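*Asks:* Got a predicted structure plus its sequence, pasted below:
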Amino acid sequence: MIFIKLVWRSLIFIFWLIILFSIKISANNTIVLLYHKFGDQRTPSTNIDLNIFKEQMLYLKKHGYKVISLKQLINTIEKNKSLPSKSVVITIDDGYKSVYFNAFPILREYGYPFTVFLSTKAIEKKYPDYLSWKEIKIMKKVGADFQDHSYAHYALGIIPNHMKEDEYREWIIEDLKKSRAVFKHYLGYEPLYLAFPYGYYNKILISEALKLGHKALLTQDPGVVSEDTPLTLIPREAILGKEWSTMKHFRYILERKDLPIIEHYPEIGFLKKNPPFEIWAKIKYPKRYVKESFGIYISELGWRKAKFDENSKKVFIKSIPFLKRKINRIAITAKEKDGKEAVNFWMIILP
């Protein structure tokens, strides 16, 4: 009788191990924050009020969030290790002077690491609103990280109307090579990470950036980083403007989770068929989610209730109208069984 009970308990234990493995409940997530300007009311759409920024940095400390460097995040994913729980990465695009005069003293006070993606032409040409090399080197000396945001800040993810594909590739290469040369000349190294200008990307741009030596690429797609996130499409949560810089929005995005996807249609980048016959995504861990909660978002069309097929593990919608907007973001959303919202975004572009 005792033997039977032991066998039965062992079988139950093995059963729950299998369930936990298939759901992968314990996976940690990291939020990558994206800022631009600090306390600069001239451009409210890309600015955050300085008092709100201070409040956000204090919130991270008071609520036990661990601010890690972008390098640590990328190395952890590369080595297939677990991400730290409640972790956050701080990134800043363009390299405006308000980074040095307004954000840097606050970040230094808390000891938070941060990465600035530099638009190198603006800095090399000494545009008035941009950082100087002296300011960059002062921040770098105390641990700030500087990476690539392209040379001229062109919308590299969109093919100009007059260009053929080979010309387009050369245009990308020329710009990114210039930027890498500027880094080498002024800072003594070539950048490892690229944040896509305007957040626009496609497969051609990704391919050329990797060939030149960038080992991680960052978008402006909303979302959360997990161990399943590809290093070529790291999402970032933009904290700017009237709505997206508020504490309400800040607390909301910190609670979201990644929704890992195996494959999806349409693919990233240029849309091959308009309208697409359907939009779908194959979910990697379907048992994590309340199946009735799946939704699909398209920028141009808004949110739609999605269907979930148990056999194929696909979430999908059909009857898509002709798309007119040049850039659309698509998102898959769902509620995890613990109530947390999970998301996964990608971008499509009309050719």
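*Replies:* Nice, I can see it.
*Asks:* quick one: which helix or strand includes residue 208?
*Replies:* Here residue 208 is covered by helix 203-212, with elements defined by DSSP states H and E.
*Asks:* try residue 344
*Replies:* Assigned by DSSP H and E, residue 344 belongs to strand 341-349.
*Asks:* That strand pairs with which strands, and in what direction?
*Replies:* Looking at strand 341-349 with DSSP bridges, its partner strands are strand 257-258 (parallel), strand 269-270 (parallel), strand 327-335 (antiparallel).
*Asks:* Take those strands and lay them out in a markdown table including distance to residue 302.
*Replies:* Quick note: C-beta positions are derived from backbone N, CA and C, even for glycine. Rendered in a markdown table, the data for those read as follows (distance: least, Cβ to Cβ, whole Å):
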| stretch | distance to residue 302 |
| --- | --- |
| strand 257-258 | 22 |
| strand 269-270 | 22 |
| strand 327-335 | 11 |
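*Asks:* Highest mean neighbour count out of these?
*Replies:* The highest average neighbour count among those, using mean count of other Cβ atoms under 10 Å, belongs to strand 257-258 at a mean of 23.
*Asks:* Specify the residue ranges that define each domain of this structure.
*Replies:* Each structural domain of the chain that the record assigns through automatic domain parsing is listed here as a residue range: 30-255, 262-349.
*Asks:* show me the residues around residue 322 that make contact.
*Replies:* With Cβ atoms under 8 Å, 6 or more residues apart in numbering as the criterion, the residues that contact residue 322 are 274, 275.
*Asks:* For it, give me the backbone phi and psi.
*Replies:* According to degrees, to the nearest 10, the main-chain angles of residue 322 amount to phi -60, psi 130.
*Asks:* again with residue 133
*Replies:* phi -60, psi -30.
*Asks:* For it, grab the count of nearby residues.
*Replies:* The number of residues packed around residue 133, counting by other Cβ atoms under 10 Å, is 15.
*Asks:* okay, it: pLDDT?
*Replies:* According to the model's per-residue confidence, residue 133 sits at a pLDDT of 98.
*Asks:* ok, and the closest non-adjacent residue to residue 340?
*Replies:* In space, and not counting its chain neighbours, residue 340 is closest to residue 257: 5.0 Å by Cβ to Cβ, 6 or more residues apart in numbering.
*Asks:* Now do the same contact list for the one you found.
*Replies:* 29, 224, 226, 336, 340, 341, 342, 343.
*Asks:* Quick check: residue 276 vs residue 348, distance?
*Replies:* Counting by Cβ to Cβ, to the nearest Å, the separation of residue 276 from residue 348 is 8 Å.
*Asks:* what do you get for residue 127?
*Replies:* Distance of residue 127 to residue 348, computed by Cβ to Cβ: 33 Å.
*Asks:* Tell me which of those two has more neighbours.
*Replies:* Neighbour tally, residue 127 and residue 348, criterion other Cβ under 10 Å: the higher count belongs to residue 348, 24 against 14.
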